[in-house]
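Undergrad: return a 3D structure for these sequence lines:
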Amino acid sequence: MWFRQLVREETGCATYVLGSAETDECVVFDPLWDIDPYLRLAKRRGARVAWVIDSHSHADHVSGARRLVAATGARLGLPRHIDVTYQAHRLDDTDRIRLGELELEVMHVPGHRPEQINLLVRDLSRSDDPWCVLTADFLMVGDVSRPDLAQQGTDGAVTLFTKSIPKLQSLPDFVELWPGHVAGST
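TA: As a prediction, the model looks like this:
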């Protein structure tokens, strides 16, 4: 499998593209508005964009997910609990997406947003163990996300610290964490 992080320098927002060497398909996670980098990367890798997934309702950037789906014919994956009126494949805790040797497992991690999901990534050509988790805006570099943005009162913080953080802490120590914001983001 192959893995690529793309960063919008102005905001520090990170987005990810993961691909299968076996099936020549890829997944784009939390795409930014400008879809050209994803299209160029997929073309350069000889891959078809099979899935486009948003982790939650974004407030820090405008998602390019629907634009990318329209341009590629990919499936749109959204958290089961997200409040949208358009069609999408709803993803829930423990759901799995498999493209050849690449397997993604959905982790529902409410707190920052009630619908927030992370993706646990496995490269089955190497091991059945996960090797990384894409945490979107759930984790920041050196901190956890803000639980107050969804107007959840104290519920967001309580859920973040009693349900979602323990879920990440239960992963093996060797699992890499890849956040949705890099150091220096606003």
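Undergrad: how is residue 164 assigned, secondary-structure-wise?
TA: When classified by DSSP: H, G, I helix; E, B strand; the rest coil, residue 164 comes out as helix.
Undergrad: count the residues that sit near the spatially closest residue to it that is not a sequence neighbour.
TA: Leaving aside its sequence neighbours, residue 164 sits nearest to residue 109 (C-beta to C-beta, 6 or more residues apart in numbering; 3.9 Å). C-beta coordinates here come from the backbone N, C-alpha and C atoms, glycine included. Neighbours of residue 109 under the rule other C-beta atoms under 10 Å: 28.
Undergrad: do the same with residue 165
TA: A total of 16 residues lie near residue 165 under the criterion other C-beta under 10 Å.
Undergrad: again with residue 69
TA: Residue 69 has 22 neighbouring residues, counting by other C-beta under 10 Å.
Undergrad: doesn't residue 116 make contact with residue 107?
TA: No. Between residue 107 and residue 116 there is no contact under C-beta atoms under 8 Å: 9.2 Å.
Undergrad: between the two, who's got more neighbours?
TA: Counted by other C-beta under 10 Å, residue 107 and residue 116 do not tie: residue 116 has more neighbours, with 27 against 22.
Undergrad: is it correct that that one is in contact with residue 108?
TA: Yes. Counting by C-beta under 8 Å, residue 116 touches residue 108, with 7.3 Å between them.
Undergrad: joint contacts of those two?
TA: residue 79 (C-beta atoms under 8 Å, 6 or more residues apart in numbering).
Undergrad: beta partners for the spatially closest residue to residue 26 that is not a sequence neighbour?
TA: Excluding its sequence neighbours, the residue lying closest to residue 26 (C-beta to C-beta, 6+ apart) is residue 19, at 3.7 Å. For residue 19, the beta-bridge partners are residue 2, residue 26 (DSSP bridges).
Undergrad: against residue 126, how distant is residue 19?
TA: Distance, residue 19 to residue 126, by C-beta to C-beta, to the nearest Å: 15 Å.
Undergrad: these two: which has the busier surroundings?
TA: Counted by other C-beta under 10 Å, residue 19 and residue 126 do not tie: residue 19 has more neighbours, with 26 against 10.
Undergrad: distance check, the more buried one against residue 47.
TA: Distance from residue 19 to residue 47, by C-beta to C-beta: 5 Å.
Undergrad: show me what secondary structure element comes after the helix or strand of the chain with the lowest mean pLDDT.
TA: Least confident helix or strand, the chain: strand 143-144 with a mean of 74, by mean pLDDT, DSSP states H and E. Per DSSP states H and E, the first helix or strand lying C-terminal to strand 143-144 is helix 155-159.
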